[in-house]
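Asker: can't give you the sequence, but here's the structure:
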DNA sequence: TTGAAAGCGCTAACAT
DNA sequence: ATGTTAGCGCTTTCAA
């Protein structure tokens, strides 16, 4: 924070008051054209840069949104943050992104940081169900994306979510239509999406009159370290003929194990698409999430709430699109 | 920026002055133990949260670093930003990341934003060579990462770079050792890394007494849209037996085209590694960049410079590690 | 050990 | 159309 030219310096140069400079710089209509011109010129020549902190503190508005994401290395969240930055930027808002690594304590710290930076609102992809959001957030506008807030407070917040049940059903149905009889699942440890995806899996099985088997329902550790052996367990020991991975990091773990298996014998499905899935020799059926829409709606809703804190809370459920690789086979 | 409990409220409750509250909250040793305890309790009960903006404006330090990256969807920069956040966080600094989409005007806006937010220093991956950084940056500490600043001002800034010449040479050598005779290159449009990688390519050819051919040296558009047809042009029309892609997004473009070609006939190399390259049927020889080190050194250097602006500028060149897929063949 | 007062840079009443 | 003044929330002399 190098000490810089301030409004005072410009005022002195221009021989006017600080107030007039402020007005001129903010293009207030009530300042004479030539004064404005003169002041703006002087400001430019002096290399004046407004101090946004001072401005924010004065007007009680930072024009900054906070975004809390659990994993910045996961392409889903990167794309989501990109979408959110775009939409927020259009509306004149900056976005402060903080990564929690799926840790509750890091999330708490992240929220505190956001408050210190005086964000006008928060977009949260929750790292867990145990946080006491009402206490942490107070009356700060917040929208939950991708993952629901804890059940007991869910109605207090806006949510922008994907239809995980439908997306999973579509995938499992596709696998079944192609002949799969015994479909293993490696679910994620994230409660809110995991529960829904498991439900979709069960409903699809039931609709096809297939019996679920707890022995082929596994849950990945958050860091994904146990996914490769789970894949082996399900495909080899449990003789599954298909495998559903509940998100793209899990599918990556599965692929890490697959080289020594005979892939042509299995069908693969995953929630969440990845561009590079197209380059793999084995086709993967995925449900592609409407990431740009998730981001757009989340921002729009948050800005609306910042504008009017009386807005009733709402849940948005967006459909996922099935990508039935190989495409020709559709 | 919801109006919140301030120091004044805590002071009133505690029956002390604002100054004492400030001291107590900052654990000043010169405040009596029980007063401190009492004040901290009251603050907690009241749900007091410090206003970091007010603090920053007063102490003239934001404890925030700005990071300017050209493409948040590129895994290289995501990993880099993650590394930078980690190291900065350890040192008590937050990081404000802004994406430029390789646009010079967006970069200029990003830098202005950083100034408004009063960042203490800047980590820049430049979007182009034409910016007048000394004018834009003034005396604000800045470190350039991955890409050099414009040649005429390069010595004014610290740089943390990868040895692009060496990395490329290693890749080309590997391809040649495996029998490649005619190696096409699709280079990126980013001048600073592209020049170096092209030089490495030429030097490796020369060392192997292979004649360079301008007909098989192509440059990708920044958005990558013309990469697939370039790949076809080089591999089919120009009858290359190997192809070198100068970064991972270019390689992705190449793969987009490859499905209809007979891959087994070609060797592939790329600067910049990707995890999922391991899952592809065709092996890709890559140079893996030391991303964590790049980030760590950049932050350390920036903090050192924030501490002492007299520090002489310096260039760090980090080696890239060749990944000679298939690994067994090493 | 604590308090009073000034001031960081800015904007918004309220003058004039 | 412009100036004066106060104050956003905080820290930091200087005094007591």
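Answerer: Sure thing, it's come through. All values derive from a computational prediction rather than experimental measurement.
Asker: helix, strand or coil for residue A:270?
Answerer: strand (DSSP: H, G, I helix; E, B strand; the rest coil).
Asker: brain fart, residue A:67
Answerer: Assignment for residue A:67 (three-state DSSP): strand.
Asker: do residue A:131 as well
Answerer: Reduced to three states by three-state DSSP, residue A:131 is coil.
Asker: so what's it up against?
Answerer: A:104, A:107-108, A:150 (C-beta atoms under 8 Å, 6 or more residues apart in numbering or on different chains). All C-beta atoms are positioned from the backbone trio N, CA, C, and that covers glycine.
Asker: how deep is residue A:33 tucked in, by neighbour count?
Answerer: Neighbourhood size, residue A:33 [other C-beta atoms under 10 Å in any protein chain shown]: 8.
Asker: so, low pLDDT: which residues of the stretch 101-250 of chain A?
Answerer: For the stretch 101-250 of chain A, applying pLDDT under 70 flags no range at all.
Asker: which residue ranges of the stretch 51-200 of chain A form helices?
Answerer: A:52-59, A:75-90, A:104-116, A:133-137, A:164-177, A:191-207 (DSSP state H, counting those that start in this stretch).
Asker: spell out which parts of chain A neighbour DNA strand D.
Answerer: A:15-20, A:23, A:30-32, A:35-36, A:54, A:57-58, A:60 (C-beta under 7 Å from any atom of the strand).
Asker: buried ones from those residues, can you make that a PyMOL selection?
Answerer: Listed next is the PyMOL selection for buried residues among these, using 16 or more other C-beta atoms under 10 Å in any protein chain shown:
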select buried, chain A and resi 16+20+23+31+36+54+57
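Asker: which entries in the residues of chain A next to DNA strand D are shared with the contacts of chain B?
Answerer: With the criterion set as C-beta under 8 Å from any C-beta of the partner chain, the members of the residues of chain A next to DNA strand D near chain B are A:54, A:57, A:60.
Asker: same list (those residues) but as JSON lines, adding pLDDT.
Answerer: Formatted as JSON lines, these follow (pLDDT from 0 to 100):
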{"residue": "A:54", "pLDDT": "98"}
{"residue": "A:57", "pLDDT": "97"}
{"residue": "A:60", "pLDDT": "96"}
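Asker: let me know the closest of these to DNA strand D.
Answerer: Checking those against DNA strand D with C-beta to the nearest atom of the strand, the nearest one is residue A:57 at 4.5 Å.
Asker: how about the contacts made by that closest one?
Answerer: A:118, B:51, B:53-54, B:57.
Asker: and which of these is nearest residue A:308?
Answerer: Minimum distance to residue A:308 across those is 19.8 Å, recorded for residue A:118 (C-beta to C-beta).
Asker: neighbours of that closest one, just the number please.
Answerer: 24.
Asker: verify the stated contact: it with residue A:58.
Answerer: No - between residue A:118 and residue A:58 there is no contact under C-beta atoms under 8 Å: 11.8 Å.
Asker: returning to what we had before: need the buried ones from the contacts of residue A:131 selected in ChimeraX.
Answerer: Selecting only the buried entries of the contacts of residue A:131 in ChimeraX, with 16+ other C-beta under 10 Å as the criterion:
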select /A:107,150
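Asker: of the contacts of residue A:131, closest to residue A:85?
Answerer: Among those, and counting by C-beta to C-beta, the member closest to residue A:85 is residue A:107, at 20.1 Å.
Asker: in this structure that closest one contacts residue A:130, no?
Answerer: No - applying C-beta under 8 Å as the test, residue A:107 and residue A:130 come out as separate, 10.2 Å apart.
Asker: for residue A:243, helix, strand, or coil?
Answerer: strand.
Asker: what sits against the residue nearest to it when sequence neighbours are not counted?
Answerer: Once flanking residues are discounted, residue A:243 sits nearest to residue A:184: 4.9 Å by C-beta to C-beta, 6 or more residues apart in numbering or on different chains. The neighbours of residue A:184, taking C-beta under 8 Å, 6+ apart as the test, are A:216-218, A:234-235, A:238, A:240, A:242-244.
Asker: deepest in the core, which of the helices of the stretch 51-200 of chain A is it.
Answerer: Neighbour counts (mean count of other C-beta atoms under 10 Å in any protein chain shown) averaged over each of the helices of the stretch 51-200 of chain A peak at helix A:164-177, with a mean of 22.
Asker: residues in contact with it?
Answerer: Counting by C-beta under 8 Å, 6+ apart, A:183, A:193, A:196-197, A:199-201, A:203-205, A:207-208, A:210, A:242, A:244, A:246, A:267, A:269-271, A:285-287, A:289, A:319-320, A:322, A:324 sit against helix A:164-177.
Asker: ok, now stretch A:70-81?
Answerer: A:67, A:69, A:95, A:97, A:99-102, A:107, A:125-127, A:145-146, A:247-249, A:272, A:274, A:289, A:291-292, A:294-295, B:72-73, B:75, B:78-79, B:81-82, B:85.
Asker: outside of stretch A:25-32, which residues touch it?
Answerer: For stretch A:25-32, contacts defined as C-beta under 8 Å, 6+ apart pick out A:7, A:20, A:23-24, A:36, A:39-40, A:43, A:48, A:50.
Asker: end to end, how far does it reach?
Answerer: 12 Å (C-alpha to C-alpha, to the nearest Å).
Asker: is DNA strand C contacted by it?
Answerer: Yes - against DNA strand C, stretch A:25-32 shows contacts by C-beta under 7 Å from any atom of the strand at A:25-26.
Asker: next, count neighbours for residue A:123.
Answerer: That count, for residue A:123 with other C-beta under 10 Å as the rule, works out to 29.
Asker: so it makes contact with residue A:142?
Answerer: Yes - using C-beta under 8 Å, residue A:123 is in contact with residue A:142, at 7.5 Å.
Asker: common neighbours of these two, please.
Answerer: The contact lists of residue A:123 and residue A:142 share residue A:302, where a contact means C-beta under 8 Å, 6+ apart.
Asker: can you name the residues of chain A that neighbour DNA strand C?
Answerer: A:3-4, A:6-8, A:18-19, A:21-22, A:25-26, A:48, A:50-51, A:54-55, A:57-59.
Asker: so who does residue A:163 touch?
Answerer: With C-beta under 8 Å, 6+ apart, residue A:163 has these contacts: A:317-320.
Asker: report how many residues lie close to residue A:130.
Answerer: Other residues close to residue A:130 by other C-beta under 10 Å number 9.
Asker: how about the nearest residue to residue A:115, chain neighbours excluded?
Answerer: Closest to residue A:115 by C-beta to C-beta, 6+ apart is residue B:49, at 4.7 Å.
Asker: quick one: the one you found and residue A:322, what's the gap?
Answerer: Distance, residue B:49 to residue A:322, using C-beta to C-beta, to the nearest Å: 45 Å.
Asker: circling back: looks like the residue nearest to residue A:115 contacts residue A:114 (just checking).
Answerer: No - applying C-beta under 8 Å as the test, residue B:49 and residue A:114 come out as separate, 10.0 Å apart.
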